[in-house]
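need coordinates for the below:
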Amino acid sequence: METYIAALDQGTTSSRAILFNRAGEIVSRAQYPFRQIYPQPGWVEHDPMEIWATEKRALAEAVDAAHIDPKQIAAVGITNQRETTILWDRTTGQPVHNAIVWQCRRTAAICDQLKADGLGDAVADKTGLLIDAYFSGTKIKWLLDGIPGVRERAERGELCAGTVDSWLIWRLTGGRAHVTDYSNASRTMLFNIHTLQWDGELCGALGIPIQLLPEPRPNSEAYGCIAADIPGLEALAGIPICGSAGDQPAALFGQACFTPGQAKNTYGTGCFTLMNVGREPVRSKAGLVTSVGWSVGGQVTYALEGSVFNAGSTIQWLRDELGLIETAPDCDRLAESVPDAGGVYVVPAFTGLGAPYWDMYARGTIVGLTRGTTKAHLARAVLDSIAFQVTDLVRAMNADAPCPLTTLRVDGGASVSDILMQTQADLLRLPVDRPAQVETTAFGAAALAGLAAGVWGSLAEVSALRRSQHLFQPQRDAAACAADYGQWCRAVGRSRAWIENEL
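Now for the predicted structure:
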């Protein structure tokens, strides 16, 4: 009898569920969007109950669509938008506030104060991160300090804190498991990536009671089983949840980057370039961060990472806010109608700039406009901006890594764009390898769960499932690409430090 793995892929704009078979093929899927909440400029929130409702609905629908006996599902794996932070009541399960999303900039002033207090070296040494509003620690602090009565409830042990993986596992197990995996824990700014434990000094500096936090666990082991009394999931009761990883390390795993030096970029809401650096963390000198990629079979693998906050979200901005396109594929069609961006550069620093700049006060900029600029030029400039930002990351990675990248494996929604992938290969002067199975994030979660459940016996078995769909080779003149990149760097300079530092 065929065995299946269910992967929950809880992203920034939608909740998805995908069923995979042992060959790594998609059997069925379901997806539901949820609201993006913007209470103030630079603030981003989600409703945790809406996240849970859409993810639960997607899982039930994907199982129904597969036309299988639910008992054939060997395990559930989870992957999630990282850093997004939730506090909820340990007894009732009700959130105390909306989730604060990874993109949210509301804690920039807290970060500035932590830097002024001299905490930067301790954070870098212990967590592999930089102090930034991106990470979860200051979000938890804001929730504790900003909502009346919450700190007191936390200190009495009445609340749970966690990232989205913890929230979903807690919900799926009926409140029996308050855990997080090492990859998600290492994005909080509170987790020591050397000892694999919460750090008392950092929790103390941010005023976060350690008892609030979930138990850190490896990425491929049983955390608990689906509870029997979840409406809509009754048929899945008892199925083990035994794989979890943040979306980007899950994609690195799903791309079978199991050898140090292998790297991937995910083109999603943001862009995330990760390189497997092996058993020892690498301290970045070029504005990147280091976190746990995964822990499987007692072995920890670390990853060097660069994060771009706005990539696919820039295409959404063209569609939803400017109304220049009706669907995301329209961006490609418009961009292909002109030979280049006509000297226009878009810097999509809507929520600041991530790696390698780490500028919380940058804001979006368009430069090079003329009376002849059309919406086609803007569409081309938006696609170019995504490729430029990834080029920033890869250049930083090459400065840090023991050996330079030779190929970039790619995935995520925007990786289906041929024009974007070709532009990327041209700018990097590297082959860009797009897999036949572009759902690498969900497959990474499925593979972690499948290894724990015995569906696959080794990393080599998982690696053998990956196939390339297209290899994009550099085509455009190298000097023209270099000149273009130089202009991009000038445009980035115009966007930086636009908002005044609150300190």
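
please make it C-alpha for all contacts and neighbour counts, starting now.
Fine.

which of the three states applies to F443?
helix (DSSP: H, G, I helix; E, B strand; the rest coil).

what about the stretch 51-200 of the chain, any weak spots by pLDDT?
Of all residues in the stretch 51-200 of the chain, none has pLDDT under 70.

and stretch 412-432, end to end?
Length of stretch 412-432, first residue to last, CA to CA, to the nearest Å: 13 Å.

do I have it right that P95 meets I51?
No: counting by CA atoms under 8 Å, P95 sits too far from I51 to count as a contact (11.6 Å).

quick one, longest strand in the protein?
Using DSSP state E to define each element, the chain has its longest strand at strand 299-308.

other residues contacting it?
249, 270-282, 284, 287-295, 353-356, 389-390, 393, 397 (CA atoms under 8 Å, 6 or more residues apart in numbering).

mind listing the strands for the stretch 301-450 of the chain?
With DSSP state E, counting those that start in this stretch, the ranges of strands along the stretch 301-450 of the chain come out as 345-347, 365-367, 408-411, 432-435.

which parts of the first one are buried?
Across strand 345-347, burial judged by 16 or more other CA atoms under 10 Å covers Y345, V346, V347.

circling back to that earlier point, okay, P95 and I51: which has more neighbours?
Regarding P95 and I51, a neighbour count based on other CA atoms under 10 Å identifies I51 as having more, with 24 against 19.

quick one on the thing from earlier: tell me which of the strands of the stretch 301-450 of the chain sits most buried.
Neighbour counts (mean count of other CA atoms under 10 Å) averaged over each of the strands of the stretch 301-450 of the chain peak at strand 345-347, with a mean of 27.

adjacent strands (with direction) for that strand?
Here strand 345-347 has these sheet partners by DSSP bridges: strand 365-367 (antiparallel).

give me the number of residues near the residue nearest to E326 when sequence neighbours are not counted?
Spatial nearest neighbour of E326, chain neighbours left out: R319 (5.8 Å); criterion: CA to CA, 6 or more residues apart in numbering. R319: 17 surrounding residues under other CA under 10 Å.

surely R319 and S313 touch.
No: R319 is beyond contact range of S313, at 9.7 Å (criterion: CA under 8 Å).

average pLDDT across the longest strand of the chain?
Strand 299-308 carries an average pLDDT of 92.

going forward can the numbers begin at 11, since that is how I track them
OK, 11 is where the count begins now, so the last one is strand 309-318.

got the CA coordinates for that strand in PDB?
What follows is strand 309-318, C-alpha atoms only, in PDB (Å, rounded to 0.1, in the frame of the first residue of the first chain):
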ATOM      1  CA  GLN A 309      24.100  15.800  13.400                       C
ATOM      2  CA  VAL A 310      23.600  19.600  13.200                       C
ATOM      3  CA  THR A 311      24.100  21.400   9.900                       C
ATOM      4  CA  TYR A 312      24.500  25.200   9.800                       C
ATOM      5  CA  ALA A 313      23.600  27.600   7.100                       C
ATOM      6  CA  LEU A 314      24.900  31.000   6.100                       C
ATOM      7  CA  GLU A 315      22.000  33.200   5.000                       C
ATOM      8  CA  GLY A 316      21.100  36.500   3.400                       C
ATOM      9  CA  SER A 317      17.500  37.800   3.500                       C
ATOM     10  CA  VAL A 318      15.800  40.300   1.200                       C
END
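
can you give the distance from that strand to the centre of its chain?
The chain centroid and the centroid of strand 309-318 are separated by 12 Å, computed with CA atoms, centre = their mean, to the nearest Å.

ok, stretch 391-403 next?
Averaging C-alpha positions (CA atoms, centre = their mean) puts stretch 391-403 17 Å from its chain's average.

pull out the buried positions in that stretch.
Quick answer for stretch 391-403 (16+ other CA under 10 Å): 391-403.

repeat that for stretch 454-470.
Residues of stretch 454-470 classed as buried by neighbour count (16+ other CA under 10 Å): G454, A455, A456, A457, L458, A459, G460, L461, A462, A463, V465, W466.

now, these that are in helices?
The helices, defined by DSSP state H, take in G454, A455, A456, A457, L458, A459, G460, L461, A462, A463 from the buried residues of stretch 454-470.

and the buried residues of stretch 454-470 as JSON lines, adding pLDDT?
Shown next, in JSON lines, are the buried residues of stretch 454-470 (pLDDT from 0 to 100):
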{"residue": "G454", "pLDDT": "96"}
{"residue": "A455", "pLDDT": "97"}
{"residue": "A456", "pLDDT": "97"}
{"residue": "A457", "pLDDT": "96"}
{"residue": "L458", "pLDDT": "97"}
{"residue": "A459", "pLDDT": "97"}
{"residue": "G460", "pLDDT": "96"}
{"residue": "L461", "pLDDT": "96"}
{"residue": "A462", "pLDDT": "96"}
{"residue": "A463", "pLDDT": "95"}
{"residue": "V465", "pLDDT": "94"}
{"residue": "W466", "pLDDT": "95"}
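
of these, which is the nearest to V160?
Nearest to V160 among the buried residues of stretch 454-470 is A455, at 33.0 Å by CA to CA.

how about the contacts made by the closest one?
Contacts of A455 were listed using CA under 8 Å, 6+ apart, and they are A17, L18, G87, I88, T89, G253, S254, A255, A260, G264.

without its sequence neighbours, what residue ends up closest to it?
Spatially, and ignoring its direct neighbours in sequence, A455 is nearest to G87 (4.8 Å; CA to CA, 6+ apart).

tell me which element that neighbour falls in.
strand 83-90 (DSSP states H and E).

measure the residue nearest to A455 to R405 for me?
33 Å.

now S193
Distance, S193 to R405, by CA to CA: 24 Å.

more neighbours: those two, which one.
Neighbours around S193 and R405, counted as other CA under 10 Å, are more numerous at S193. The numbers are 30 against 15.

the residue nearest to that one when sequence neighbours are not counted bridge partners, please.
Nearest residue to S193, sequence neighbours excluded (CA to CA, 6+ apart): V302, at 4.9 Å. Note on V302: beta-bridge partners by DSSP bridges are Y312.
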